[in-house]
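Colleague: coords please:
(2 chains)
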There are 2 protein chains.
Amino acid sequence: MPKLDLDSIPQSNATGYPPEYAGEVGDRWYRRLAPASGLSDFGASHVVLQPGAWSAQRHWHVDEDELVVMLSGEAVLVDDDGEHVMQAGDVAAFPKNDGNGHALQNRSDEPCIFVAIGRPSASDCHYPDIDMHLTDGRGFHRKDGSDFDY
Amino acid sequence: MPKLDLDSIPQSNATGYPPEYAGEVGDRWYRRLAPASGLSDFGASHVVLQPGAWSAQRHWHVDEDELVVMLSGEAVLVDDDGEHVMQAGDVAAFPKNDGNGHALQNRSDEPCIFVAIGRPSASDCHYPDIDMHLTDGRGFHRKDGSDFDY
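Modeller: This is a model prediction of the structure:
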């Protein structure tokens, strides 16, 4: 049925980040909507950030656009332009290769919920604030090319 | 800036439907988010349905996925499975070529708002309830292939 029964879609807080950078996303709980609904043109995640959780480490993708639609609660969008409060009904767009690292941080006392749309990661991803880089086909490593110890 | 200033993005109620099928979408007001924000992997529209307005005539695309994220108000999703109330926080997915015509109808007394994600139309679109068909490269025509008189 086109209307999704969100509660029936598995929720995960898994991350591929190395332990030293995984804490901020530990209470990020997401549902993958595309495999649950048969979409393939793009992906979509229904995300709940518990208080204190981040959507990601601040990052930008070389070749994937992203869009975020805020559903409830409040998050702070951090990017090169500063900090911007995002509330229900707000929308943010992150064009590929714009070089503007971004992340949503839930600094409130309540969960915040959003839907994020994008394509499966198939290009490098840059993390301006931390010593991490994602290389397509290899995964996460340090900026000098060395592996994480995990 | 990634956070979109929705009020600054032009809003339109234009439609390519012939007059006999355009009435239902006359009070559908949409903002195209991709050209306003630099996205190209997929399109996104911020849509306000005034009371009585429909998102579209009931339809399904041969080769484009669609996703709807409800932001406020209430709409009735009509598809082959029946009628389903959509409210803030609800999500519906319409996989390409599923043969399940769908439309959102605002039967309430208040506006309803959603974001719709998809790719630009590049394939045939079927309209099960009316004598209209969209052929990629030609546009709208009657199901017997004849042109509309407009």
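Colleague: just so I have it, where are all the strands in chain A?
Modeller: In chain A, the segments counted as strands under DSSP state E are A:28-32, A:43-49, A:60-61, A:66-72, A:74-79, A:82-87, A:91-94, A:103-105, A:112-118, A:125-126, A:133-135, A:139-141.
Colleague: can you redo those as TSV with distance to chain B and mean neighbour count?
Modeller: No exception for glycine: its C-beta is placed from N, CA and C like everyone else's. What follows is the strands of chain A, written out as TSV (distance: least, Cβ to the nearest Cβ, whole Å; neighbours: other Cβ atoms under 10 Å in any protein chain shown):
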stretch	distance to chain B	mean neighbour count
strand A:28-32	9	19
strand A:43-49	6	22
strand A:60-61	10	22
strand A:66-72	5	24
strand A:74-79	6	21
strand A:82-87	5	14
strand A:91-94	3	23
strand A:103-105	10	22
strand A:112-118	5	22
strand A:125-126	15	18
strand A:133-135	18	17
strand A:139-141	22	15
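Colleague: Can I get those strands in TSV including distance to B:V25 and mean pLDDT?
Modeller: Rendered in TSV, the data for the strands of chain A read as follows (distance: least, Cβ to Cβ, whole Å; pLDDT from 0 to 100):
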stretch	distance to B:V25	mean pLDDT
strand A:28-32	31	98
strand A:43-49	25	98
strand A:60-61	35	97
strand A:66-72	22	98
strand A:74-79	33	98
strand A:82-87	29	98
strand A:91-94	22	98
strand A:103-105	33	98
strand A:112-118	24	98
strand A:125-126	39	97
strand A:133-135	42	96
strand A:139-141	46	96
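Colleague: Any idea which of those gets closest to B:A88?
Modeller: strand A:66-72 (7.0 Å; Cβ to Cβ).
Colleague: same for the closest one, what does it pack against?
Modeller: strand A:82-87, strand A:91-94, strand A:112-118, strand B:66-72 (3 or more Cβ pairs under 8 Å, 6 or more residues apart in numbering or on different chains; DSSP states H and E).
Colleague: Could you pull up the residues touching the closest residue to A:V62 other than its chain neighbours?
Modeller: Of all residues not flanking A:V62 in the chain, A:S123 sits nearest, at 4.1 Å (Cβ to Cβ, 6 or more residues apart in numbering or on different chains). For A:S123, the contacting residues are A:61-64, A:96, A:136, by Cβ atoms under 8 Å, 6 or more residues apart in numbering or on different chains.
Colleague: what two of those residues have the greatest distance between them?
Modeller: Farthest pair in these, by Cβ to Cβ: A:K96 and A:D136, 12.9 Å.
Colleague: Run through the residues that contact A:G38.
Modeller: Residues in contact with A:G38 (Cβ under 8 Å, 6+ apart) are B:93, B:95, B:98.
Colleague: returning to what we had before: from the contacts of A:S123, list just the buried residues.
Modeller: For the contacts of A:S123, a neighbour count by 16 or more other Cβ atoms under 10 Å in any protein chain shown gives the buried set as A:61, A:64, A:96.
Colleague: want to throw those into CSV with distance to B:S55?
Modeller: Below are these laid out as CSV (distance: Cβ to Cβ, whole Å):
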residue, distance to B:S55
A:H61, 30
A:E64, 27
A:K96, 28
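Colleague: how close does A:A34 get to A:P2?
Modeller: 14 Å (Cβ to Cβ, to the nearest Å).
Colleague: overlap in contacts of those two?
Modeller: Common neighbours of A:A34 and A:P2 (Cβ under 8 Å, 6+ apart) are B:A93.
Colleague: Give me the pLDDT for the residue lying closest to A:F148 once chain neighbours are set aside.
Modeller: Excluding the flanking residues, the one nearest A:F148 by Cβ to Cβ, 6+ apart is A:P18, at 3.9 Å. We have a pLDDT of 96 for A:P18.
Colleague: same deal with A:K3?
Modeller: So, for A:K3, pLDDT stands at 97.
Colleague: I figured it was touching B:H84, is that so?
Modeller: Yes: taking Cβ atoms under 8 Å as the definition, A:K3 is a contact partner of B:H84 at 4.5 Å.
Colleague: roughly how far apart are the residue of chain A positioned farthest from its centre and B:L49?
Modeller: Distance from the C-alpha centroid of chain A, by Cα atoms, centre = their mean, peaks at A:M1 (26.6 Å). For A:M1, the distance to B:L49 equals 21 Å [Cβ to Cβ].
Colleague: ok, now A:D131?
Modeller: 48 Å.
Colleague: Kindly report the same for A:S72.
Modeller: 20 Å.
Colleague: Next: A:L33.
Modeller: Taken as Cβ to Cβ, the span from A:L33 to B:L49 is 22 Å.
Colleague: returning to that earlier point: now do the contacts for the residue nearest to A:F148.
Modeller: So A:P18 contacts A:132, A:140, A:148-150 (Cβ under 8 Å, 6+ apart).
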